[in-house]
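> Please work out how this folds:
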Amino acid sequence: MQRLRFVSTCLFLGFLLFAGAAKAQSSQHRFYTNKDGVAINGYDVVAYFNQNRAVRGSQKYAVNYKGTHFWFSSQKNRAAFLQHPEKYLPQYGGWCAFAMASGNGKVPSDPKTFKLYNGKLYLFFNDYYRGEPFNTIIPWNLNEKTLKNQADANWAKANQS
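Residues are numbered from 1 along each chain as shown. Sure thing, here's the model as predicted:
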């Protein structure tokens, strides 16, 4: 258990360095988008809720919401989003929830690493960092309630005008 905490702490400290650079590059964007302005790399935000999995959307079923393009895998999902967009939007604009909690702001997430919690969608960074796999949903799950509260507060600060 001590070793797990030590490894988690080391990974987290390394993540902080990575996150600071990503924050500086992306702070002007409310939603996490790819270079074409498509939210969460084109994954269908409604599918997380009705299929409980990450499903690629299609430009065929695109919606422009507040200047950001969202893609859907079906007309049905597109229509559901248009009726209640706030219900389906990922928390923290689709940026990594763990990074938001740690105070590192807007760090890209992996749309395939997600969690539905209290009816909300959370996305997480899950990639190699310095040659080691680093999935931020793991430390998030260890202290979810506290981290969620921290992320909420940090997101509110990051979006003050």
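
> where exactly do the strands run in the chain?
58-65, 68-72, 110-117, 120-124, 126-129, 132-135 (DSSP state E).

> Could you pull out the buried residues of the first one?
In terms of neighbour count (16 or more other CB atoms under 10 Å), strand 58-65 has its buried residues at 61, 63, 65. From N, CA and C alone the C-beta is placed, and that goes for glycine too.

> Comparing the strands of the chain by mean pLDDT, which bottoms out?
Ranked by mean pLDDT, these end with strand 126-129 at the bottom, a mean of 92.

> can you list the residues that contact stretch 114-122?
If you take CB atoms under 8 Å, 6 or more residues apart in numbering as the criterion, stretch 114-122 is touched by 45, 48-49, 52, 54, 87-92, 97, 123-124, 137, 140-141, 144, 148.

> ugh, typo on my part, it should be stretch 48-66
30-31, 42-44, 47, 69-75, 77-78, 80-82, 85, 87-88, 111-112, 114, 116, 121.

> PyMOL command for the buried members of the residues you listed?
Applied in PyMOL, the following selects the buried portion of the contacts of stretch 48-66 according to 16+ other CB under 10 Å:
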select buried, resi 30+31+42+43+44+47+69+70+71+72+73+74+77+78+80+81+88+111+114+121
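
> Next, find the distance separating Lys76 from Lys112.
Look at Lys76 and Lys112: by CB to CB, to the nearest Å, they are 22 Å apart.

> What sits closest to Tyr128 if chain neighbours are left out?
Among residues not flanking Tyr128 along the chain, Phe134 sits closest, at 7.0 Å (CB to CB, 6 or more residues apart in numbering).

> For this structure, give me the ranges with low pLDDT.
1-29, 161 (pLDDT under 70).

> how about a cut-off of 50?
1, 3-11, 13-28 (pLDDT under 50).

> Now for Gly37: which residues touch it?
67-69.
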